[in-house]
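# here you go, sequence then predicted model.
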Amino acid sequence: MQPSGEAHIGNYLGALRRWVEMQRTYECVFCIVDDHAVTAGGDPKELPAHVVDLAVSFLAVGLDPERSIIFVQSDVAEHTELAWLFNSVTPVGELERMTQFKDKARRFESVPAGILNYPVLQAADILLYRADAVPVGEDQRQHLELTREIARKWNATYGAYFPEPEALVGNEGRILGLDGEAKMSKSLGNTVPITAPPDDVWARVRTAVTDPQRVRRDDPGRPEVCNVHTLHKYFSAPAVVDDVAHRCRGALRGCVECKRILADSISATFAPMRERASELRAHPERVRGVLEDGAARAREVARETMKVVRERMGLDWRAAAR
Ligand code: SF4
């Protein structure tokens, strides 16, 4: 996950809660991808704090450093080294065909090469650990297919070594932000940080867009088209969700009150995580310890992989001078 500060409820619904579950059945590697973040051209002064904030979120939601490897990408230089080597088997045409590249490229007059090569670094992030499976959203499926292709091409050229990882696609679909239109994202300001205090949760949720046809309090509403109702399904008890729909259709409750109930449900869901996060913030040395230990464990695997990769690609000149 890219570090853009603490995680928000869209990150939680779309990824983090699944990752917590996956720890039961998989050996997991969770990486905060700051090398990727620099391609977005953010403020370098803010990036370190964003990394730590995301690490706090990871630990607060229940990613467990005893079970999983949790680390920061730039601490393991093998990621960028492997990406460079994968460039030699990656066709430029494939990179230019990526939907996300086309979307991002539109924003630049002169497109930085890092935007084009982004999926090559992703392939390195995955294959460095010879991962069998990757949890992805629907929008990342194309990049994972490219990772599989890079693994195939590399294996065909240098001998079988990398697995072709499977996509574990979640069934959440696209989680819309409070504007009811765009995907939840911090940069669009249409979401809620997972550890926001209740007042802040309410301040954000009260701006949520509702059924546009419900103009007056006594207009019957359509919960099936209202994103507030969808969010209730994630955070409120099933009986509350049914009640919300019933009262909406019958104009028995106003939208402000309905959003207030949603804000309370969100605050209650994240209360234990809010507590864990504030404890971690009071002890930054614990977060640092987790990330440093994670990087050491990640490096061990990464070095093993790179030893094989260098040998197979002829980057072991000492072999000829022995
Ligand atoms: Fe949406 Fe609730 Fe208003 Fe119905 S009452 S339109 S579900 S916010």
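That came through, no problem. The structure presented is a predicted model; accordingly, all values stated were derived computationally and were not measured.

# ranges for the helices of the stretch 151-300 of the chain?
In the stretch 151-300 of the chain, helices defined by DSSP state H, counting those that start in this stretch lie at 198-205, 227-235, 238-249, 255-282, 284-312, listed in chain order.

# pLDDT weak spots in the protein?
Along the chain, segments meeting pLDDT under 70 are nowhere present.

# what sits against the closest residue in space to residue 87 that isn't next to it in sequence?
Distances taken as Cβ to Cβ, 6 or more residues apart in numbering place residue 120 nearest to residue 87, at 5.7 Å, with adjacent residues excluded. (Each C-beta comes from the backbone N, C-alpha and C, glycine too.) With contacts defined as Cβ atoms under 8 Å, 6 or more residues apart in numbering, residue 120 is in contact with 83, 86, 87, 90, 95, 150.

# quick check: the farthest pair among these?
By the measure Cβ to Cβ, the contacts of residue 120 have their two most distant members at 83 and 95, which lie 12.0 Å apart.

# which one's more surrounded, those two?
Under the criterion of other Cβ atoms under 10 Å, the comparison of residue 83 against residue 95 puts residue 83 first, with 23 against 18.

# so stretch 250-269, near the ligand or not?
Yes - figure legend: stretch 250-269 in contact with the ligand (Cβ under 6 Å from any ligand atom); contacting residues 253, 255, 258, 259.

# for the third one, give its distance to residue 201.
Read that as residue 258. Plainly put, residue 258 is 15 Å away from residue 201 if you go by Cβ to Cβ, to the nearest Å.

# packing partners of the strand or helix carrying residue 35?
When elements are defined using DSSP states H and E, residue 35 is found to belong to helix 34-37. When contacts are defined as 3 or more Cβ pairs under 8 Å, 6 or more residues apart in numbering; DSSP states H and E, helix 34-37 packs onto helix 47-61, helix 113-127.

# could those helices go into a markdown table alongside distance to residue 213?
Listed next are those as a markdown table, based on distance: least, Cβ to Cβ, whole Å:
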| stretch | distance to residue 213 |
| --- | --- |
| helix 47-61 | 36 |
| helix 113-127 | 41 |
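
# can you tell me which of the ones you listed is nearest to residue 226?
Proximity of those to residue 226 was assessed by Cβ to Cβ; the nearest stretch is helix 47-61, lying at 27.0 Å.

# kindly export the following helix or strand past the closest one (C-alpha atoms) in CSV.
On the C-terminal side of helix 47-61, the closest following helix or strand by DSSP H and E is strand 69-72. Taking C-alpha atoms only, strand 69-72 is exported to CSV below (Å, rounded to 0.1, in the frame of the first residue of the first chain):
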residue,chain,number,x,y,z
ILE,A,69,6.5,-9.5,7.5
ILE,A,70,5.7,-5.8,7.7
PHE,A,71,8.3,-3.4,6.2
VAL,A,72,9.0,-0.4,4.1
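
# residue contacts, the closest residue to the ligand within the stretch 1-150 of the chain?
Among the residues of the stretch 1-150 of the chain, residue 9 lies nearest to the ligand; the distance is 16.8 Å by Cβ to the nearest ligand atom. The contact partners of residue 9, by Cβ under 8 Å, 6+ apart, come to 184, 191, 192, 193, 194, 234, 266, 270.

# brilliant, that's me finished.
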